[in-house]
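Undergrad: give me coordinates for this.
(one chain, ligands or ions: 1)
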Amino acid sequence: QHAFKLVPLGILGGADESNLSAYMLAPEGSENYICLDAGTLHAGIQKAVANKVFNEPAEHVLRQYIKGYFISHSHLDHVSGLILNSPDDSTKNIYGFADCLKTLETHYFTWASWANFADAGEAPVLKKYHYEALTPGEEVPIKNTEMTVRAFPLSHSNLTSTAFLIKSNNSYVLYLGDTGPDAIEKSTNMHKLWEAIAPLIKSKSLKAIMIETSFPDEQPDKTLFGHFTPKWLMSEFANLETLTGAGGLKGFNVIITHLKLPQTNIVKIKQQLQAENRLQLHLIYPEQGKAISL
Ligand SMILES: Nc1ncnc2c1ncn2[C@@H]1O[C@@H]2COP(=O)(O)O[C@H]2[C@H]1O
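TA: Numbering: from 1, shown residues only. Take a look at the predicted model:
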């Protein structure tokens with residue numbers, strides 16, 4: 001019995017502008033999706049339609065199926081698809097922490113960068129999108145869907161990034177925007193997040209964690225820029241295992257996002273994750289336009 005359907009619209013962490021972080025998520029059997037980050041929309045929806053994931057034209061998927069956007073942080077590779085597709089989009093909410101939404105308002109939905117399709121910021125405001133600021137830890141319903149969200153702060157170098165805990169009935173998916181290990185970020189955000197979600201792993205209600213691994217282990221700690229390597233990812237999951245109990249993560253779905261090109265690095269990251277997977281996580285590599293049931 002699956003609880004969610006996930007449709008990756010873009011999966012990479014930069015460089016290939018046709019395939020940047022964006023993931024549609026809906027309760028299984030529902031057409032009321034959210035989109036987690038929005039780096040690439042058009043190219044991903046086209047692929048999903050070509051793969052018969054959707055039986056409607058791409059315009060319909062963009063306008064009718066995506067009910068809202070969840071933006072983890074304001075870096076271009078997480079928002080460019082939203083901005084570029086905004087003239088063809090329908091009215092909906094953009095959810096995120098206040099400082100992230102403020103950057104959309106002051107840097108992107110302005111009359112110099114684009115047109116102001118939002119409902120705040122530089123006049124005239126076209127009011128297609130409503131900025132909906134989230135409060136850390138507070139569960140709120142997601143408009144026009146059967147899901148709720150709780151947002152948690154993450155550290156991403158100089159920025160605050162976001163983890164979104166999405167709930168449908170009594171099942172959950174956890175999506176993390178760009179972030180790195182507490183030890184390097186000099187943060188406790190990962191630990192606090194693990195404390196919040198460990199009970200959901202124990203109760204088997206958390207269906208998957210979507211988390212980034214941007215660089216192979218060869219990347220020096222001082223040039224991680226708020227990202228994970230396989231070694232650091234596995235060390236954070238080892239911390240999580242101390243909260244779930246020994247063996248508590250065996251077979252748990254971990255969807256690896258935001259791999260950065262070149263392709264030789266991506267091959268390395270996958271090899272290293274496999275070699276270092278002593279916790280026996282079920283590692284899943286999403287593919288653009290191919291649905292995953294969770
Ligand atoms: N101090 C820095 N020097 C060079 N490149 C950087 C620095 N900080 C961030 N970046 C780059 O800017 C990118 C912004 O998006 P990412 O965090 O995915 O990856 C980041 C790096 O590629």
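
Undergrad: grab the nearest non-local neighbour of the residue in the stretch 151-294 of the chain that the ligand sits nearest to.
TA: Taking C-beta to the nearest ligand atom, the ligand has its nearest neighbour within the stretch 151-294 of the chain at Phe225, 4.1 Å off. (C-beta placed from N, C-alpha, C; glycine too.) Take Phe225 and drop its neighbours on the chain: the residue closest to it by C-beta to C-beta, 6 or more residues apart in numbering is Ser157, 5.1 Å away.

Undergrad: ok, the one you found - contacts?
TA: Shown in contact with Ser157 (C-beta atoms under 8 Å, 6 or more residues apart in numbering): 180, 185, 225-226.

Undergrad: next, format those as CSV and append neighbour count and pLDDT.
TA: Putting these into CSV (neighbours: other C-beta atoms under 10 Å; pLDDT from 0 to 100) gives the following:
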residue, neighbour count, pLDDT
Gly180, 28, 98
Glu185, 19, 98
Phe225, 14, 97
Gly226, 22, 98
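
Undergrad: among these, which two are most distant?
TA: Using C-beta to C-beta, the two most remote members of the contacts of Ser157 are Glu185 and Phe225, lying 10.5 Å apart.

Undergrad: who in the stretch 51-200 of the chain is up against the ligand?
TA: 75, 77, 178 (C-beta under 6 Å from any ligand atom).

Undergrad: buried ones among those?
TA: 75, 77, 178 (16 or more other C-beta atoms under 10 Å).

Undergrad: pull out the buried residues from the strand or helix carrying the second one.
TA: So the one you mean is Asp77. Per DSSP states H and E, Asp77 falls inside helix 76-85. By neighbour count with 16+ other C-beta under 10 Å, helix 76-85 contains the buried residues 77-83, 85.

Undergrad: could you do stretch 197-205 as well?
TA: Within stretch 197-205, the residues scored as buried using 16+ other C-beta under 10 Å are 197-198, 200-201.

Undergrad: secondary structure class of Leu126, three-state.
TA: coil (DSSP: H, G, I helix; E, B strand; the rest coil).

Undergrad: thinking again about what came up before, which of the buried residues of helix 76-85 sits closest to Met24?
TA: Taking the buried residues of helix 76-85 together and measuring to Met24 by C-beta to C-beta, the closest member is Gly81, at 11.6 Å.
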